[in-house]
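# Structure for this input, please:
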Amino acid sequence: MPSCHPQTYIGNVVISVNPYRSLPIYTPEKVQEYHGCNFFAVKPHIYAIADDAYRSLRDRDQDQCILITGESGAGKTEASKLVMSYVAAVCGKGEEVTKVKEQLLQSNPVLEAFGNAKTIRNDNSSRFGKYMDVEFDFKGEPLGGVISNYLLEKSRVIRHVQGERNFHIFYQLLAGGSAELLQRLRLRQDCRHYGYLNRESSSLPGVDDAANFRAVQDAMGVIGFSTDEVMALLEVTAVVLKLGNVQLSSHFQASGMEACSIPEPRELEEICQLIRLDPSALEQALCSRTVKARDEMVLTSLSVSQGYYGRDALAKNIYSRLFDWLVNRINTSIQVKPGKQRKVMGVLDIYGFEIFQDNGFEQFVINYCNEKLQQIFILLTLKEEQEEYVREGIQWTPVEFFDNSIICNLIENGTCGILAMLDEECLRPGVVNEDTFLGKLNQACAAHRHYESKETQNAKRVTDASLPPRCFRIHHYAGKVTYNVTGFIEKNNDLLFRDLSQAMWASRHPLLRSLFPEGDPQKVSLKLPPTAGSQFKASVATLMRNLYSKNPNYIRCIKPNETKAPMLFTRELVLVQIRYLGLLENVRVRRAGYAFRQLYGSFLERYKMLGKKTWPRWAGSERAGAEALLAELPIPAEELAYGHTKLFIRSPRTLFDLERRRQERVAELATLIQKMFRGWRCRTQFQLMRKSQILIAAWFRGHAQKHRYRQMRRSALLLQAYARGWKSRRLLRELKSQRRRHRAASTISAYWRGYQVRKTYRKYFRSGASARLANFIYRRLVQKFFVGLRNNLPPLAVTDRTWPPAPYRFLAGTNQELKDIFHRWKCKKYREQLTPQRRALLQAKLCASELFKDKKTLYPKSLPQPFQGEYLGLTQNPKYQKLHAVAKDKLVMAEAVRKVNRASGKTVPRLLLLTTEHLVLAEPKGAQPKTVLSLGDIRSVSVTRFSDGFLALHLKESSTGGTKGDFLLVSDHLIELVTRLHQTLMDTTAQALPLHIADQYGGGASGWAGPPGRGLQGRVSWGG
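Below is the predicted model of the structure:
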């Protein structure tokens, strides 16, 4: 193997050896070199299988999966990152596509930080299984993806062996977190302070944890994590780290039972500050447990060992659930919107086969998963390929290989499999421990040739010191692995005390609370949760179905040595891996078999352009078409085999030659299509241009003719104008000449006739000439005056009193008479247009003018104010409606007045209602009538000439309402009140209201005793 090229092929399987150093074969130039090339046309490379899978997905519409297998430290994680980076580099570009690619790529450092750790064999070992489905559109551009995780090694959170490390995120957080962040998380930077980190400073050569932490933060930002989500994630991580520092101490209760407590509550208080929980609640959950006994909940104290078990179980569960939340959160950001048609490429990076000095439950399920992956490889590359040759009728000598389905059945059988018996033992009531589980295994699997234990060896009288007690051994495809059953029951149950779940749910930390939904007291379920083994078995079954539905591509990773040294190749170690990976059998099958096979229809559809008989379409059967096509090509017969439904090609070179010929032919056909298209486009363009030229020419000729016609028309019009002008001027000259001649003739004739008349009637004319001339002149002047007046009449507005003056003095009287007639006629027209209401209002205004004009100072102020009559709102106020009912006749006016007291001169408010027959004075509050006067009882009314509102009502001596004398009232609408009272009396009695306007009043009707504007300063004596 070349020192700088650690990859090779077995058929279409890539064999990759971990070089344990950086090599210059993963540059952007290498990406371009492998982009679009045939699989076997370039040197073996991970990029080659990635490009082949991507092109098969894009061009042939086949879902792909890339299976990366090998033992721990063989380079599987780096290989998966190389596949993802290559696909991201060669797929489409664009803002949205780049964003999706960045999110897919940046999910790796986040998941590595929380799911990878340093082991003895690998500095960046994946402690979980990851399967990523990358989804593409029909153009091959990424749309998003889905990540599935399998069996996080959560026991590493609380315990790891010397020389290894816990998960990377703990060291990255302590090394890269700022002082402010660590203070907020209540953390110290020294790793030796934390029990879960083995209280040792563990740094990796060549690894910068601080820089990696910054990279993780940046990756979270690219994926779409908010600042609050990142902080909540780090807070929960800090809680897990600090739980390892919670120490328990033992003491004995009064009953003699052992109990535990927390002597130093500082760490507990800091944890509770982070998760916002009462420290006493968490301390009680850690040191005691609630047990249900006969429908009664009993709180029992835990021993120190039980307390540490509960603490560690809580830490493991928090971290495991946090990791699941992290994967789901990443899926939320990268998932594809529903409704889009997708093509899928899956990349599987899962833990490799593990054989340690002490193998436990984790190694058991990891190796079970690797057995299933090996089973896929065997079925699809060895077993199924040979069965296909037989099925298609191809002459074939079978190649022997090891089928590991018997081992898979030993582990996963539903009745007597190891996982089924482990679940049965976990659920069985009574005393259950690892010894009973091992005993049941020995009974059920004693006859299985791939299972052995100390008891089965003793039964066969076999002595093997390498197999200790409390262990069993399985002969895996990769070798024999001895498993210690200690911890199997506990890890499979994966129990967490309900008190701890309820305490986490009771915290006010949103993220931590969401991780423990079963802690809700209202949702308590007595149903046992599924065991870890059954969950992992179901996950592996789902993964296998997913992989079987896609076209597989294999990358088999090889670890060259155990010391992780570059350029060191341990032959024995590599040979073991080659054997248990089944690569030798794969080589034999590939050498004896065929490199390529395809259905006749698909083959004919892809390569039919290479034959004259098959292009552009073949009318016969698909196999006959394929045979006719290949008969025209120079391909040796030994390179081909015809099955019942498929065509087989032995050498990749033959396939490459077919692809080369197809590319050349496609290029020729593309050139032909382009030529025909260009000819059609040029013809179409020429025809369009010709039509356009004809249209433009027609429009241009039309425009030119129109322009020429307009010029000719303008010229003709100009000539016509000049000709008509010349003729008109000539005619005008003739007419002027005729008029002058006619005028001269008329003048001569008039003078002549005058002369004749004067000569004849001279003796008659002189006797009455002056009178006739005067009369003629007078009639002409009057006629001229009337004609001028008709053409100069003033506007028809009533208020307009303008009139043209008489032009002559003798017409002055006539002019004034005409002016009066015209004014009366305008007024008559105006009155005819008035409505009855407007007419009544103007009549009231006219009556007011007759009563008060030039007599009372208040009158000019009332002119612009319209008479409303009703100022109280009787119809809107139901309280006032009974006032109207008292009078029982038509309402004329209603307003509020003030009545002057006779004794003190003070005023009191009253409501005044004037109807056609009565005058009513009422009290405003209760609307009760105080005085009801008949209009016939009113003798006269007195007012002042000032601008006040005083009004004196003089009553007749026979009046029944006036026994106490006259009434002195103050009204804000005095003019309207007196006017309407006068009109009402005229309408009812046909008599005018006696109105006295004077400055003084001394009683009766003789006048006023003082100016009312100053109150009743003068002496007022009331008559009657």
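# show me the contacts for Gly519.
Gly519 is in contact with 498, 501-506, counting by C-beta atoms under 8 Å, 6 or more residues apart in numbering. Every C-beta, even on glycine, is put in place using the N, C-alpha and C of the backbone.
# go with 6 Å
By C-beta atoms under 6 Å, 6 or more residues apart in numbering, Gly519 lies in contact with 501-502, 504-505.
# One more: Arg980?
Counting by C-beta under 6 Å, 6+ apart, the residues that Arg980 touches are 892-893.
# By neighbour count, which of the contacts of Gly519 wins?
Met504 (26 neighbours; other C-beta atoms under 10 Å).
# So the residue nearest to the spatial centre of the chain versus Gln928, what's the distance?
Residue closest to the average C-alpha location in the chain (C-alpha atoms, centre = their mean): Lys337, at 13.7 Å. Lys337 is 83 Å from Gln928, where distance means C-beta to C-beta, to the nearest Å.
# how far does stretch 238-250 stretch from start to finish?
Length of stretch 238-250, first residue to last, C-alpha to C-alpha, to the nearest Å: 26 Å.
# same question for it, mean pLDDT?
Averaged over stretch 238-250, pLDDT sits at 92.
# and for that stretch, what are the contacting residues?
So stretch 238-250 is in contact with 170, 185, 187, 194-196, 258, 260-261, 263, 267-268, 271, 274, 304, 307, 311, 315, 318-319, going by C-beta under 6 Å, 6+ apart.
# For the helix or strand hosting Arg729, what is the distance to the chain centroid?
Arg729 is located in helix 652-765, with elements delineated by DSSP states H and E. Chain-centre distance of helix 652-765: 61 Å, with C-alpha atoms, centre = their mean, to the nearest Å.
# Can you classify the residue nearest to Arg55 when sequence neighbours are not counted by secondary structure?
Spatially, and ignoring its direct neighbours in sequence, Arg55 is nearest to Gly36 (7.4 Å; C-beta to C-beta, 6 or more residues apart in numbering). Classification of Gly36 by DSSP: H, G, I helix; E, B strand; the rest coil places it in coil.
# Excluding chain neighbours, what is closest to Leu373?
Closest to Leu373 by C-beta to C-beta, 6+ apart is Thr69, at 5.5 Å.
# ok, the one you found - how many residues close by?
22.
# Report the beta-bridge partners for it.
Beta-bridge partners of Thr69, counted by DSSP bridges, are Arg556.
# Gln374 is in contact with that one, correct?
No - the pair Thr69 / Gln374 is not scored as a contact, 7.5 Å apart, by C-beta atoms under 6 Å.
# what is the mean pLDDT for stretch 351-369?
84.
# Flag every buried residue along it.
351-354, 359-369 (16 or more other C-beta atoms under 10 Å).
# got it, and stretch 51-65?
Buried positions in stretch 51-65, judged by neighbour count with 16+ other C-beta under 10 Å: 51-58, 63-65.
# Among those residues, which are located in strands?
The strands, defined by DSSP state E, take in 64-65 from the buried residues of stretch 51-65.
# Please identify which pair of the buried residues of stretch 51-65 lies farthest apart.
Asp51 and Asp63 (16.5 Å; C-beta to C-beta).
# Tell me the span between the first and last residue of stretch 634-646.
Stretch 634-646: ends 20 Å apart by C-alpha to C-alpha.
# excluding its backbone neighbours, what's nearest Ile152?
If you look again at residue 152, you'll see it is Leu, not Ile. Phe128 (4.3 Å).
# didn't that neighbour look like it was pressed against Ala117?
No - contact between Phe128 and Ala117 fails when scored by C-beta under 6 Å: they sit 10.0 Å apart.
# Could you tell me the per-residue confidence at the residue nearest to the centre of the chain?
pLDDT, read off for Lys337, is 79.
# go on, Arg1019?
pLDDT at Arg1019 comes out at 36.
# Between Phe128 and Ala117, tell me which one has more neighbours.
Ala117 (24 against 21).
# need the contact list for the more buried one.
So Ala117 contacts 127, 156, 165, 167 (C-beta under 6 Å, 6+ apart).
# How about Ala313?
Residues near Ala313 by C-beta under 6 Å, 6+ apart: Leu496.
# So which bits of the strand or helix carrying it are buried?
Element membership for Ala313, per DSSP H and E: helix 304-334. For helix 304-334, a neighbour-count test (16+ other C-beta under 10 Å) marks 304, 306-308, 310-323, 325-327, 329-331, 333-334 as buried.
# In CSV: the buried residues of stretch 51-65, plus pLDDT and distance to Ser849.
Compiled in CSV, those are given as follows (pLDDT from 0 to 100; distance: C-beta to C-beta, whole Å):
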residue, pLDDT, distance to Ser849
Asp51, 89, 113
Asp52, 86, 115
Ala53, 88, 112
Tyr54, 88, 108
Arg55, 86, 110
Ser56, 85, 112
Leu57, 86, 107
Arg58, 84, 105
Asp63, 88, 107
Gln64, 89, 110
Cys65, 90, 111
